[in-house]
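here is a sequence together with a model predicted from it:
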Amino acid sequence: MTLAEGKKVYFSSDNHLGAPTPEASKPREKKFVSWLDEIKDDAAAIFLLGDLFDFWFEYKTVVPKGFTRTLGKLAEITDSGIPVYFFVGNHDLWMKDYFKTELNIPVFHKPQEFSFNNKSFFIGHGDGLGPKDKGYKRMKKVFTNPFFKWLFRWMHPDIGMKIGQYMSVKNKMISGDDDAKFLGEDNEWLAQYAKRKLQDKHRDYFIFGHRHLPLEIQLNETSKYINLGDWILYYTYGVFDGTTFELKKY
């Protein structure tokens, strides 16, 4: 994609709407919707890098209650012709086709590559990548197993949602609470993952979420790893203006 003059690409991650309770997260949701409303005037594209919700599970005919402001604003944006891309995180692994069908938002379950103004971007949520996260990697295999998803779908939604919401908050391997401190450049496992990917192919930017920390790490002279932070403590987001990428605070 070549950006028109004055247009920008925006990136956001880790809103965890609904946590710790729907009532408590409502001010954060309103702030996020205000941000979406502001950027729509110059956005060429918007990337949401996962964990938009603290828990999300799509039954065949049922989706979680709430988040009306966010879903309505996203529908308005895509209806206006601005593309929005969604990458599932560890809290919304169970997305299927609701976003695509209702909001015209493609949903990706693995990192993808994009190009803007001849700059290459490797984009994903970041969970399960790199040399660590072994406990979560094992748990993810269970969560993404079609048989276990089929079993969970047989629960009444009122029961299934309560269990899912409880696990999202209480289980450290899901919630990622232990990750919210800087480990040092040599120990940041997403940076290590990016460095290994550079051995196969050059990318200008590696953009991830999941870590809940706004980070910029120079991988070599021409490549950079960016972590977008979150909308719980930092309210940070990324923006590419066609030439440079910046982390900003809202």
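Structure received. From a predicted model like this one, the values you see are computed outputs, not experimental measurements.

ok, residues contacting the helix or strand containing residue 72?
Applying DSSP states H and E as the criterion places residue 72 in helix 68-79. Contact with helix 68-79 is made by 17, 29-30, 32-33, 36-37, 40, 43, 46, 52, 84, 102-105, as judged by C-beta atoms under 8 Å, 6 or more residues apart in numbering. C-betas here are computed from N, CA, C, even on glycine.

mind giving me the ChimeraX select for those, buried ones only?
Only the buried entries of the contacts of helix 68-79 go into this ChimeraX selection, using 16 or more other C-beta atoms under 10 Å:
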select :17,29,32,33,36,43,46,52,84,103,105
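
farthest-apart pair in the contacts of helix 68-79, please.
Farthest pair in the contacts of helix 68-79 (C-beta to C-beta) is 30 and 104. Separation: 23.6 Å.

can you map out the strands along the chain?
8-12, 43-48, 84-87, 107-108, 112-116, 119-123, 205-208, 214-218, 224-228, 236-240, 245-249 (DSSP state E).

and the ones you listed, which is most packed in?
For the strands of the chain, the largest average neighbour count (mean count of other C-beta atoms under 10 Å) is found in strand 205-208, namely a mean of 26.

what's in contact with that one?
The contact list for strand 205-208, computed with C-beta under 8 Å, 6+ apart, reads 11, 13, 47, 49, 119-126, 129, 190, 194, 197, 219, 223-228, 238, 240, 245.

which elements pack onto the longest helix along the chain?
Using DSSP state H, we find that the single longest helix of the chain is helix 22-39. When contacts are defined as 3 or more C-beta pairs under 8 Å, 6 or more residues apart in numbering; DSSP states H and E, helix 22-39 sits against strand 8-12, helix 68-79.

tabulate those in TSV, adding columns for distance to residue 92 and mean pLDDT.
As requested, these are arranged in TSV below (distance: least, C-beta to C-beta, whole Å; pLDDT from 0 to 100):
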stretch	distance to residue 92	mean pLDDT
strand 8-12	14	98
helix 68-79	12	98
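
most neighbours per residue, which of those?
Greatest average neighbour count among these goes to strand 8-12 (a mean of 23), per mean count of other C-beta under 10 Å.

okay, now residue 151: neighbour count?
Here the number of neighbours of residue 151 (other C-beta atoms under 10 Å) works out to 10.

which ones are touching it?
Contacts of residue 151 (C-beta under 8 Å, 6+ apart): none.

next: the one 5 residues further on.
Residue 156 makes no contacts at all, as judged by C-beta under 8 Å, 6+ apart.

quick check, distance from the longest helix of the chain to the centre of its chain.
Here helix 22-39 is found 16 Å from its chain centre; the criterion is C-alpha atoms, centre = their mean, to the nearest Å.

output that helix as PDB - backbone C-alpha positions only.
Provided in PDB are the C-alpha atoms of helix 22-39 (Å, rounded to 0.1, in the frame of the first residue of the first chain):
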ATOM      1  CA  PRO A  22     -17.600  -4.500  32.700                       C
ATOM      2  CA  GLU A  23     -18.400  -1.500  34.800                       C
ATOM      3  CA  ALA A  24     -14.800  -0.800  35.700                       C
ATOM      4  CA  SER A  25     -13.600  -1.000  32.100                       C
ATOM      5  CA  LYS A  26     -16.300   1.300  30.700                       C
ATOM      6  CA  PRO A  27     -14.200   4.500  31.100                       C
ATOM      7  CA  ARG A  28     -11.300   2.800  29.300                       C
ATOM      8  CA  GLU A  29     -13.700   1.700  26.500                       C
ATOM      9  CA  LYS A  30     -15.000   5.300  26.100                       C
ATOM     10  CA  LYS A  31     -11.400   6.600  25.900                       C
ATOM     11  CA  PHE A  32     -10.500   4.000  23.200                       C
ATOM     12  CA  VAL A  33     -13.600   4.900  21.200                       C
ATOM     13  CA  SER A  34     -12.700   8.600  21.400                       C
ATOM     14  CA  TRP A  35      -9.300   7.700  20.000                       C
ATOM     15  CA  LEU A  36     -10.900   5.800  17.200                       C
ATOM     16  CA  ASP A  37     -13.100   8.700  16.500                       C
ATOM     17  CA  GLU A  38     -10.100  11.100  16.300                       C
ATOM     18  CA  ILE A  39      -7.900   9.000  14.100                       C
END
